[in-house]
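J.: Give me coordinates for this.
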Amino acid sequence: MAGGLAALLDDVAALVKLTAASVDDVAAAAGRASVKASGVVIDDTAVVPQYVDGISPKRELPIIKKIAMGSLRNKLLFILPVILLLSWLLPAALTPLLMLGGLYLAFEGAEKVFELFSPAHEETETPSAARGPEAEKQIVSGAIRTDFILSAEIMVISMNSIATDGTFWMRAAALVVVAILITLLVYGVVGLLVKMDDIGLALARRKSAGAQKFGEGLVRAMPKVMSFISIVGTFAMLWVGGHILLVGLDALGWHFPYSVAHHAAEWGHSLSHSWIGATVGWIAETVVAMIFGAIVGFIVVGIMHLIPRKKKAAH
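T.: Just a heads-up that it's a prediction; the model follows:
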């Protein structure tokens, strides 16, 4: 009996070790996938705050919560099953699917630049400044639709980064972890950003002169911070979209565009064997990817905007 109990305990210990190893594998895969998707995460974080611009401060966090729940629903109930099914039945489809998302990101980034410098560009009130329950529903549904594209891109990038790791179920578990963590990260940061001016106002009402000064500085700084985040989001779209397209073209057999970015990275690395060379190499590769994304994006912008305008003028 003792021998049987000892054997049972050994089996349980082995099972615990196996489970712990699986959890470690899932965590490691989720970590790698999250890093790969970081560029789109920056873009997502930069895009979302515009949807609560002009909304009553009391409704900002409830709206962000609704968008976050919709984002999580997008990832877990719609996007995740589709990409897992594709990775099982038709893995070759992941690269073209990823490239479509990259093309959309490049187009959206180029369109923002085009509209900024367009003669017809005017400062208009955003739809999110509307009031009332119906307007709030429109804000939430519009934000969730936009989030769907970015969430799909995050999940496909994550899937590609762990496509050969472990079993099917381990990859599924890693993607669930990525979906939850990235959603919490993005909307946690967004919630903090949109309430930062309220925090500044609260500090400005304190009796402490130091708290008042810091609060007033925070209130003055937030419009500039939000503008900076918007600029970073635009560059992130061009960079991530361009990089996805370069890697996808390389995988499909057209190696020249990606080789330019690769050579730029190697040139940066050759300048120094320390972190300086690695940083310069990353910046050089990023700039090439951003330029490529901008070129492709402006071509699509031209097709989507300029050609229909010429046709309208002709009529």
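J.: Only C-alpha atoms from now on, for both contacts and neighbour counts.
T.: Will do.
J.: so where is the stretch 201-315 of the chain shaky, pLDDT-wise?
T.: Residues of the stretch 201-315 of the chain that meet the criterion pLDDT under 70 lie in 307-315.
J.: helices or strands up against the longest helix belonging to the chain?
T.: Scanning the chain for the longest helix, with DSSP state H as the assignment, gives helix 209-252. Applying 3 or more CA pairs under 8 Å, 6 or more residues apart in numbering; DSSP states H and E, one finds that helix 209-252 contacts helix 38-47, helix 94-117, helix 168-204, helix 256-271, helix 275-301.
J.: okay, those helices in JSON lines with mean neighbour count and distance to residue 244 next?
T.: JSON lines is the format used below for those (neighbours: other CA atoms under 10 Å; distance: least, CA to CA, whole Å):
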{"stretch": "helix 38-47", "mean neighbour count": "21", "distance to residue 244": "11"}
{"stretch": "helix 94-117", "mean neighbour count": "21", "distance to residue 244": "5"}
{"stretch": "helix 168-204", "mean neighbour count": "18", "distance to residue 244": "19"}
{"stretch": "helix 256-271", "mean neighbour count": "18", "distance to residue 244": "10"}
{"stretch": "helix 275-301", "mean neighbour count": "20", "distance to residue 244": "9"}
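J.: Ok, which of the ones you listed comes nearest residue 141?
T.: helix 38-47 (14.5 Å; CA to CA).
J.: ok, and what's touching whatever helix or strand comes next after the closest one?
T.: Note on helix 38-47: by DSSP states H and E, the next helix or strand toward the C-terminus is helix 57-73. Contact partners of helix 57-73, identified using CA atoms under 8 Å, 6 or more residues apart in numbering, comprise 52, 136, 140-141, 143-144, 147-148, 151, 179-180, 183-184, 187, 190-191, 194-195.
J.: Helix 57-73 vs helix 168-204, what angle?
T.: On the basis of axes from the mean of the first three to the mean of the last three CA atoms, to 10 degrees, helix 57-73 is oriented at 170 degrees to helix 168-204.
J.: what's the next secondary structure element after helix 57-73?
T.: helix 80-89.
J.: From the chain's centroid, how far away is that following helix?
T.: Distance of helix 80-89 from its chain centroid, counting by CA atoms, centre = their mean, to the nearest Å, is 20 Å.
J.: Show me what that helix is packed against.
T.: helix 94-117, helix 133-161, helix 168-204.
J.: Which of those comes out lowest on mean pLDDT?
T.: Per-stretch mean pLDDT for these is lowest at helix 133-161 (a mean of 77).
J.: So which bits of that one are buried?
T.: For helix 133-161, the buried set under the neighbour-count rule, 16 or more other CA atoms under 10 Å, comprises 136, 139-140, 142-144, 147-161.
J.: From the contact counts, what lies against that helix?
T.: Checked by 3+ CA pairs under 8 Å, 6+ apart, helix 133-161 has helix 2-36, helix 38-47, helix 57-73, helix 80-89, helix 94-117, helix 168-204 packed alongside it.
J.: what angle sits between the fourth one and helix 133-161?
T.: When the same axes, to 10 degrees is applied, the directions of helix 80-89 and helix 133-161 differ by 20 degrees.
J.: tell me the angle helix 80-89 makes with helix 94-117.
T.: Going by the same axes, to 10 degrees, helix 80-89 makes 140 degrees with helix 94-117.
J.: cool, the third one as well?
T.: With the same axes, to 10 degrees applied, the angle from helix 57-73 to helix 94-117 works out at 150 degrees.
J.: how much space is there between residue 195 and residue 64?
T.: Using CA to CA, to the nearest Å, residue 195 is found at 11 Å from residue 64.
J.: How about residue 141, nearest residue that isn't a chain neighbour?
T.: residue 67 (7.9 Å; CA to CA, 6 or more residues apart in numbering).
J.: Residue 261 now?
T.: residue 285 (4.9 Å).
J.: cool, and residue 103?
T.: Distance criterion CA to CA, 6+ apart; nearest residue to residue 103, sequence neighbours excluded, is residue 241 at 6.0 Å.
J.: Now do the contacts for the one you found.
T.: Per CA under 8 Å, 6+ apart, neighbours of residue 241: 101, 102, 103, 104, 105, 106, 289, 290, 293.
J.: now do 7 Å
T.: When contacts are counted by CA atoms under 7 Å, 6 or more residues apart in numbering, residue 241 touches 102, 103, 105, 106, 293.
J.: now do residue 98
T.: 153, 156.
J.: Distance check, it against residue 106.
T.: Distance from residue 98 to residue 106, by CA to CA: 12 Å.
J.: Over to residue 293?
T.: 5 Å.
J.: any residues in contact with both of those two?
T.: 238, 241, 242.
J.: For burial, what's the neighbour tally of the last one?
T.: Meaning residue 242. Close neighbours of residue 242, defined as other CA atoms under 10 Å, add up to 30.
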